[in-house]
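Asks: my questions are about this predicted structure, shown below with the sequence.
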Amino acid sequence: MWHETRVGDICFSALCTILMLGLLCARPNSVLAQDTIAGTWACQSISGGAYTGRPCRLEPWLKLEEGTAYVWGRETGKWAFEHKVLTLSKRKGKGHLDADGKLIYAYEMNGKQYVITLYKRRP
């Protein structure tokens, strides 16, 4: 009887350990996404208003900091990336990553609609 109880305890302990490891390793989708989206993004192209068809090399970079703060030119605020959608607290609009890993952000500014494509700068 002692042997059966001991084997049962060992199996229970092993099962609990496996479950705890799974819980510790599992991270919400938004956290994983933040790990990949945080960083500095530079403008590749922009469409909307007078900017359509013009190079945007001189546009300010979007800096998504690890702690969910962002800086885009003079604009600062908080960002979130949940369910594969980027939102910025100070800018109306939404963004997403395309198949090539580029950030497509559609927003409104001064009554005009813009779509900006950004690429991630490597450190």
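Replies: That came in fine, so what should we check first?

Asks: in contact with residue 76, which residues?
Replies: Contact analysis of residue 76 by Cβ atoms under 8 Å, 6 or more residues apart in numbering lists 69-70, 90. Placement of C-beta: from N, CA and C, glycine included.

Asks: doesn't residue 36 fall inside a helix?
Replies: Yes - assessed with DSSP: H, G, I helix; E, B strand; the rest coil, residue 36 lies in a helix.

Asks: dump the residue contacts of it.
Replies: Going by Cβ under 8 Å, 6+ apart, the list of residues near residue 36 is empty.

Asks: show the pLDDT at residue 117.
Replies: As predicted, residue 117 sits at a pLDDT of 95.

Asks: tell me what it is bridged to.
Replies: Counting by DSSP bridges, residue 117 forms beta bridges with residue 45, residue 104.

Asks: I'd say it and residue 104 touch.
Replies: Yes - with contact defined as Cβ atoms under 8 Å, residue 117 and residue 104 form a contacting pair (5.6 Å).

Asks: neighbour-wise, which of the contacts of residue 76 leads?
Replies: residue 70 (22 neighbours; other Cβ atoms under 10 Å).
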